[in-house]
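**Q** have a look at this prediction, sequence included:
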Amino acid sequence: MLPFKRRAIAYIAGRLLTGRNVSSIYDYTFSSYFNFSGTVNEKIDIYDYSRASYLSGTISSIYDYGTRQYISLKLLGNKFSGYDYGSSSHFSGIIKGNAIDLYAYSDGQYYNFLI
């Protein structure tokens, strides 16, 4: 799974599960903040400034205009999971406070974010 997709997924899941209306997410892999703007609730409509691209749709069907591919997302308690059609792989994650841990099955790695 591409790094910018991991970030976008973590940002969307983080906003939905924490209820925080934030405009950036910290990606520990790159030791940097990345900015987003837009709506995240039943309808998702966000702009990813790092790649000048939109993502929109519903939780179960998010369209990434930059890659022209879909991402599906499911939420349960403080956990999330889904499927990235671009890498043809699943992901899962958990949110503890403001920390987000995302596991990408495509490369068998954990990635950490802060919202």
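**A** That came through, no problem.
**Q** for the spatially most central residue of the chain, give its distance to residue 67.
**A** The structure's the chain has its C-alpha centroid closest to residue 9; by Cα atoms, centre = their mean the separation is 1.0 Å. Relative to residue 67, residue 9 is positioned 13 Å away (criterion: Cβ to Cβ, to the nearest Å). C-beta here means a position set from N, CA and C on the backbone, and glycine is covered the same way.
**Q** residue 93 sits in which helix or strand?
**A** Secondary structure here is read from DSSP states H and E; on that basis residue 93 sits in strand 89-96.
**Q** list the buried residues of that strand.
**A** Residues of strand 89-96 classed as buried: 91, 93, 94, 95 (neighbour count, 16 or more other Cβ atoms under 10 Å).
**Q** buried ones in stretch 4-23?
**A** Within stretch 4-23, the residues that qualify as buried by neighbour count (16+ other Cβ under 10 Å) are 4-17.
**Q** number of residues surrounding residue 104?
**A** Each residue near residue 104 was counted by other Cβ atoms under 10 Å, and the total is 22.
**Q** tell me who's in contact with the nearest residue to it once chain neighbours are set aside.
**A** Setting aside the residues directly before and after it, residue 104 is nearest to residue 1 in space (Cβ to Cβ, 6 or more residues apart in numbering), at 4.5 Å. Applying Cβ atoms under 8 Å, 6 or more residues apart in numbering to residue 1 gives the contacts 84, 86, 87, 89, 91, 104, 106, 107.
**Q** and residue 3, how many neighbours?
**A** Other residues close to residue 3 by other Cβ under 10 Å number 14.
**Q** and the residue nearest to it when sequence neighbours are not counted, what does it touch?
**A** Counting by Cβ to Cβ, 6+ apart, residue 29 is the residue found nearest to residue 3 once chain neighbours are left out, at 6.6 Å. Shown in contact with residue 29 (Cβ under 8 Å, 6+ apart): 3, 111, 112.
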